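> requesting a structural model of the entry that follows:
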Amino acid sequence: MSLRSPRDIEVKFKRSLGAIGPLMCVADIASSELINSSKNNDISKLSRKYNHRNLNLEKVNLANVSLYVNFAHAAYINSRAEMFCDDVIDFIKQHTGNSESYNMDSLDFLRKCIFHVHARKNNLQKNAKKPSEFEFSSYSGNEELLVIDYFRKLRNIEFHGGVDVSSPVAEENNKLIFKRFGHYLRAFHEIEVRDVILYSMAWQSAAKNICCKLVDIDNVFLEKIKRKYSNSSPERLSNAMRQKLTHDYLQPADLVDILESNGWVA
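Residues are numbered from 1 along each chain as shown. The predicted structure follows:
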């Protein structure tokens with residue numbers, strides 16, 4: 001897929017999540033049904049049927065099966081999010097022509113992605129300091145970043161020995177998350193499929209927020225688009241401008257309304 005516009009990047013990412021989302025939900029349902037209606041001996045018999053003859057369930061807590069199915073779903077989202085960030089970086093490098101290298105070693109992949117966008121759009125020097133947390137969230141969205149950071153910490157803890165009893169997200173932050181997405185995050189050891197759906201929603205929202213900021217909608221950019229429709233009627237020009245800005249560049253309707261009322265001047 002040729003990524004010619006910010007929308008191309010967003011659509012590619014959403015499709016990659018959409019392709020696996022329903023299957024992972026079915027996996028959650030299947031694992032929950034199996035565990036709720038079976039004992040270790042029953043599953044041991046099934047394990048032989050499905051060629052897992054060496055499976056030993058003596059010390060396995062079957063209650064954790066759904067938890068780790070959901071961890072796997074979160075890991076998939078994470079891998080596709082990394083691919084999205086790589087696409088954003090490739091796009092912004094090409095769009096700006098800025099080939100500087102920046103010190104991003106201490107940052108997670110989302111913040112690295114945002115730093116690439118921020119530094120290249122603003123043509124910063126190679127020794128530029130990383131953006132503030134406020135600037136990071138101004139690209140991704142505050143609540144989106146809270147959710148993504150929560151699952152990043154979960155992933156780091158799980159990689160270093162597994163998830164035991166843990167504290168939930170800070171109450172104040174969880175209230176913001178609920179107001180934005182309609183769901184409170186659970187503690188790590190209580191993660192359910194609805195939390196993973198929230199993780200997907202947060203990444204999709206962050207992706208759109210970032211993509212809509214990849215290109216500055218300034219007068220130079222607007223004039224470039226207007227030239228393509230220089231022989232068109234005012235009505236056709238306005239329709240084309242609205243379509244281009246909202247569809248290809250993911251600009252919000254209220255901004256497009258303002259630009260149109262200004263005669264397509266930023």
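> show me where the chain has its helices.
For the chain, the helices defined by DSSP state H occupy 6-37, 40-49, 65-96, 109-121, 133-140, 142-159, 171-181, 193-211, 219-228, 234-243, 253-261.
> other residues contacting the fifth one?
Read it as helix 133-140. 110, 111, 114, 117, 118, 144, 145, 148, 206, 209, 210, 213 (Cβ atoms under 8 Å, 6 or more residues apart in numbering). C-betas here are computed from N, CA, C, even on glycine.
> make it 10 Å
107, 110-111, 113-115, 117-118, 130-132, 142-146, 148-149, 202-203, 205-207, 209-214 (Cβ atoms under 10 Å, 6 or more residues apart in numbering).
> specify the angle between it and helix 109-121 in degrees.
90 degrees (axes from the mean of the first three to the mean of the last three Cα atoms, to 10 degrees).
> quick revisit: among the contacts of helix 133-140, which ones are buried?
For the contacts of helix 133-140, a neighbour count by 16 or more other Cβ atoms under 10 Å gives the buried set as 107, 110-111, 113-115, 117-118, 130-131, 143-146, 148-149, 202-203, 205-207, 209-214.
> hang on, the earlier thing: turn the helices of the chain into TSV, including mean pLDDT and distance to residue 103.
Output for the helices of the chain, formatted as TSV (pLDDT from 0 to 100; distance: least, Cβ to Cβ, whole Å):
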stretch	mean pLDDT	distance to residue 103
helix 6-37	88	25
helix 40-49	82	50
helix 65-96	93	15
helix 109-121	96	9
helix 133-140	97	16
helix 142-159	89	20
helix 171-181	95	29
helix 193-211	96	21
helix 219-228	92	30
helix 234-243	93	39
helix 253-261	94	33
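> show me the contacts for the closest residue to residue 252 other than its chain neighbours.
Distances taken as Cβ to Cβ, 6 or more residues apart in numbering place residue 212 nearest to residue 252, at 7.4 Å, with adjacent residues excluded. Counting by Cβ under 10 Å, 6+ apart, residue 212 touches 6, 7, 10, 139, 245, 246, 249, 250, 251, 252, 255.
> ditto for residue 88
Residue 88 neighbours (Cβ under 10 Å, 6+ apart): 3, 6, 9-10, 13, 110, 113-114, 116-117, 207, 210-211, 214.
> and which of these is nearest residue 230?
Set against residue 230, the nearest of the contacts of residue 88 by Cβ to Cβ is residue 6 (24.3 Å).
> picking that back up, now the helices of the chain in a markdown table, with distance to residue 187?
Output for those, formatted as a markdown table (distance: least, Cβ to Cβ, whole Å):
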| stretch | distance to residue 187 |
| --- | --- |
| helix 6-37 | 18 |
| helix 40-49 | 26 |
| helix 65-96 | 11 |
| helix 109-121 | 22 |
| helix 133-140 | 23 |
| helix 142-159 | 10 |
| helix 171-181 | 11 |
| helix 193-211 | 10 |
| helix 219-228 | 46 |
| helix 234-243 | 45 |
| helix 253-261 | 38 |
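> residue 58: which of these is closest?
helix 40-49 (7.7 Å).
> does anything pack onto the closest one? Which helices or strands?
helix 6-37 (3 or more Cβ pairs under 10 Å, 6 or more residues apart in numbering; DSSP states H and E).
> from residue 169, how far out is the residue most central in space within the chain?
Residue closest to the average C-alpha location in the chain (Cα atoms, centre = their mean): residue 203, at 2.1 Å. Relative to residue 169, residue 203 is positioned 16 Å away (Cβ to Cβ, to the nearest Å).
> now residue 176
10 Å.
> so which of these two has more stuff around it?
Set residue 176 next to residue 169 and count neighbours by other Cβ atoms under 10 Å: residue 169 wins out with 20 against 15.
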